[in-house]
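S.K.: The sequence isn't on hand, but the structure is:
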């Protein structure tokens, strides 16, 4: 009797055939798991967000998308065709990116900024601009493409496609374009004035660059925008300074320099008062309680005033509410000092450098 011994490999193959049926292919993992992995990779790249087009391209059936986004399901529908693949509430970054996903062309990479980019107040809010509105979010799309808006999203078609940047992973226009787009859709002159001043004051753009962007967008024909741009060009950097400028313009007082940088004779930086009259050596400092309510901040304010006075500069201090509610008291104090210092026996030793009073071009 002849017997044969199976090798270990042969035995393993025989057991596979017995378990699966002779001639059948080995079992494979369920087909839906691979698309889920692709969708997870997309979500990780996009702050746990994905579009319906992206999910379908990953192989997830339409029925699965619908069932998972039902009330109580593991996913949430934030905007038409845009889903948050988590059960917790979205944060402001996820809401911002959702608007870009909604507006981007389906086959384009939404993070590239090539077909959709956040702009206006929503982009400024990501940069930390105070009082800039997160919603409704303005999002640029390329003209002549059209896209239906929602209560959360306001598409803005443009033929002047800008360079874009990533802010917290979200495609956005540069601050100068975002500020101009905000001004184009804002209706409140005070809001326009304040927001544009905050953008410049925070250092996100130069006032001349902002003026050029407003002119390119043909927005300087609007009186409230032209007035805000004029203030920034001459050196105003806050709404309180803008109110002070309005107050002083209505008087016969000399025109000051705004936010001029003062230096000592040996070249050391001294201070940058809000308004400064170089011929008379008089400064106006607008001290808001919002920025001086701590002990350290208040002491820093007093030290700055002492430095100015030690170099022969006379200082008038006022709060924004004083300028708003009792402007005559502020102007009276300034008038007294400006009169007393004309002519001055001991001129101030500080020098204003690198400041040019610019004229606003005609729109």
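M.R.: Sure thing, it's come through. Here the structure is a predicted model, which means the values were calculated and not measured.

S.K.: Mind jotting down where the helices sit in this structure?
M.R.: When secondary structure is read from DSSP state H, the chain shows helices at 8-20, 33-45, 52-57, 62-68, 92-103, 120-126, 175-185, 189-201, 207-216, 223-233, 239-249, 295-310, 320-325, 327-340.

S.K.: Tell me which residues are up against the second one.
M.R.: When you say that, I think you mean helix 33-45. By Cβ atoms under 8 Å, 6 or more residues apart in numbering, the residues outside helix 33-45 that reach it are 49-50, 54-55, 57-60, 85, 111. Where C-beta positions appear, they are placed from N, C-alpha and C, glycine not excepted.

S.K.: what's the answer for the fourth one, then?
M.R.: When contacts are defined by Cβ under 8 Å, 6+ apart, helix 62-68 is touched by residues 32, 52, 55-56, 73-75, 83.

S.K.: Of the contacts of helix 33-45, which belong to strands?
M.R.: Among those, the ones falling in strands (DSSP state E) are 49-50.

S.K.: Just the mean pLDDT for stretch 252-263, thanks.
M.R.: For stretch 252-263, mean pLDDT is 91.

S.K.: Compute the first-to-last residue distance for it.
M.R.: Distances were taken as Cα to Cα, to the nearest Å; on that basis the terminal residues of stretch 252-263 are 28 Å apart.

S.K.: ok, now stretch 315-325?
M.R.: Across stretch 315-325, the straight-line distance between its terminal residues is 20 Å, by Cα to Cα.

S.K.: Spatially central residue for the protein, please.
M.R.: Nearest to the mean C-alpha position of the chain, by Cα atoms, centre = their mean, lies residue 124 at 2.0 Å.

S.K.: Tell me how many other residues surround the closest residue to that residue other than its chain neighbours.
M.R.: Spatial nearest neighbour of residue 124, chain neighbours left out: residue 132 (3.8 Å); criterion: Cβ to Cβ, 6 or more residues apart in numbering. By other Cβ atoms under 10 Å, 22 other residues sit near residue 132.

S.K.: ok, now which ones touch residue 132?
M.R.: Residue 132 sits next to 121-122, 124-125, 182, 195, 198 when contact means Cβ under 8 Å, 6+ apart.

S.K.: got the residues you listed as JSON lines, with distance to residue 213 and pLDDT columns?
M.R.: Listed next are the contacts of residue 132 as JSON lines, based on distance: Cβ to Cβ, whole Å; pLDDT from 0 to 100:
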{"residue": "121", "distance to residue 213": "16", "pLDDT": "96"}
{"residue": "122", "distance to residue 213": "18", "pLDDT": "97"}
{"residue": "124", "distance to residue 213": "14", "pLDDT": "97"}
{"residue": "125", "distance to residue 213": "19", "pLDDT": "96"}
{"residue": "182", "distance to residue 213": "11", "pLDDT": "97"}
{"residue": "195", "distance to residue 213": "14", "pLDDT": "94"}
{"residue": "198", "distance to residue 213": "16", "pLDDT": "91"}
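
S.K.: Out of the helices and strands in the protein, which is least certain?
M.R.: Of the helices and strands making up the chain, the lowest-confidence element is helix 8-20, at a mean of 45, by mean pLDDT, DSSP states H and E.

S.K.: Would you mind listing where the stretch 251-363 of the chain has pLDDT under the threshold?
M.R.: Scanning the stretch 251-363 of the chain for pLDDT under 70 picks out the ranges 289-295, 344-347, 353-363.

S.K.: one step back: please spell out the PyMOL selection for the buried subset of the contacts of helix 33-45.
M.R.: For selection in PyMOL, the members of the contacts of helix 33-45 meeting the burial criterion (16 or more other Cβ atoms under 10 Å) are listed in this command:
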select buried, resi 49+50+54+55+57+58+59+60+85+111
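
S.K.: Export the contacts of helix 33-45 to JSON lines and append columns for pLDDT.
M.R.: Shown next, in JSON lines, are these (pLDDT from 0 to 100):
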{"residue": "49", "pLDDT": "97"}
{"residue": "50", "pLDDT": "97"}
{"residue": "54", "pLDDT": "96"}
{"residue": "55", "pLDDT": "95"}
{"residue": "57", "pLDDT": "93"}
{"residue": "58", "pLDDT": "92"}
{"residue": "59", "pLDDT": "92"}
{"residue": "60", "pLDDT": "93"}
{"residue": "85", "pLDDT": "96"}
{"residue": "111", "pLDDT": "96"}
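
S.K.: Next, count neighbours for the nearest residue to residue 126 once chain neighbours are set aside.
M.R.: Leaving out its chain neighbours, the residue that sits closest to residue 126 by Cβ to Cβ, 6+ apart is residue 167, at 4.6 Å. By the criterion of other Cβ under 10 Å, residue 167 has 21 neighbours.

S.K.: And for residue 223?
M.R.: Applying the criterion other Cβ under 10 Å, we find 10 residues in the vicinity of residue 223.

S.K.: try residue 165
M.R.: Quick note: residue 165 (other Cβ under 10 Å) scores 17 neighbours.

S.K.: For residue 66, see how far away it is.
M.R.: Counting by Cβ to Cβ, to the nearest Å, the gap between residue 165 and residue 66 amounts to 36 Å.
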